[in-house]
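**Student:** Just the structure for this:
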Amino acid sequence: MVGIRVAIRVLGRFVKIPILMYHNIARVPSGISVYRSLYVSPASFARQMGLLRTLGYRGVSMGDAMPYLRGEQQGKVAVVTLDDGYVDNLESAAPILQRYGFTATCYVVSGRIGQYNAWDDEKLGIRKPLMTTEQLRSWHDAGMEIGAHTRTHVRLSQCTDQQQVDEIGGSRAELEDRLGIAVTQFCYPYGDCDERAVEATRNAGFAAATTTHRGRASAGPATDFWRLPRIQVARHHLLPQVAAKVLTGYEDQRS
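**Tutor:** Okay, here's the model as predicted:
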């Protein structure tokens, strides 16, 4: 174990872990003209998970990835994250992930469980259903992880100190109370965070937090676990593009 940590300290800049970011695993509904990139069809998602397997990667949740991110364990892993908690994550993504023996983290807006995307439904012109408590339990029972995504999907940098505490720590408390499980992972809505939000996330007891900053995460003890970058996989990305994002410094250079 000590030898691995020493090696990571010396070669840490070469140890990169891709954290993939998804939202909806569904075909684009008719009539949507904005944010179409947030949709990845189930067929495309299946091909992408198959690609990871072909490249020698194991798809893992944020919780499962933590030993790799800390430099305590080595291996080819790619983290799979899905933002907001949409029903299609359970219906379409979960069976595909299970087929490959992968796990994933779904970041849930705790104050909108069983409701819809109230933060952007008017802009999209569509209400997308969010998982109910029972559906979230089904997601967890399928071997997947649930993370927190604030209580109401706010822009944290625009919140007061107390609002940040309520949104961040409150989301963890609500999810743990409803589901009876430990919630250790957090994601900043819109990737929007400031120093206050990062500190509030640490103080709330989260083990790590993801952003929308581009790049692969660097593994090792010097990693900033509360500002982890991610790689967006969008509707228009072809398999060679996904492979380049995972395998090369393409995303790192755009951080």
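**Student:** Secondary structure element for residue 88, which one?
**Tutor:** For residue 88, the host element (DSSP states H and E) is helix 87-88.
**Student:** One more: residue 63?
**Tutor:** Secondary structure (DSSP H and E) places residue 63 in helix 62-69.
**Student:** which other residues reach that helix?
**Tutor:** 17, 19, 60, 73-75, 77, 79, 81, 103, 105, 145, 147, 184-185, 207-208, 210, 217, 219, 223, 225, 228 (C-beta atoms under 8 Å, 6 or more residues apart in numbering). For the C-beta atoms, the positions are set from N, CA and C on the backbone; glycine is no exception.
**Student:** buried stuff in that helix?
**Tutor:** 62-66, 68-69 (16 or more other C-beta atoms under 10 Å).
**Student:** Tell me where the chain is predicted with low confidence.
**Tutor:** Along the chain, segments meeting pLDDT under 70 span 1-14, 255.
**Student:** All the helices of it, residue numbers only.
**Tutor:** All helices of the chain, identified by DSSP state H, fall at 2-11, 42-54, 62-69, 87-88, 94-99, 121-124, 133-141, 161-179, 195-203, 239-247.
**Student:** who does the spatially most central residue of the chain bridge with?
**Tutor:** Geometric centre of the chain, nearest residue: residue 81, 2.9 Å, by C-alpha atoms, centre = their mean. Residue 81 has these beta-bridge partners by DSSP bridges: residue 21, residue 105.
**Student:** That one and residue 232 touch, don't they?
**Tutor:** No - counting by C-beta atoms under 8 Å, residue 81 does not reach residue 232; the two are 10.4 Å apart.
**Student:** joint contacts of the two?
**Tutor:** With C-beta under 8 Å, 6+ apart as the test, residue 81 and residue 232 both reach residue 21.
**Student:** re earlier: for the residue nearest to the centre of the chain, give me its contacts.
**Tutor:** Neighbours of residue 81 in contact, by C-beta under 8 Å, 6+ apart: 19-22, 62, 104-107, 147, 187, 210, 230.
**Student:** Residue 87 now?
**Tutor:** So residue 87 contacts 129-131, 135 (C-beta under 8 Å, 6+ apart).
**Student:** what's the answer for residue 79, then?
**Tutor:** Contacts of residue 79 (C-beta under 8 Å, 6+ apart): 17-20, 59-62, 65, 105, 217.
**Student:** Perfect, I'm done here.
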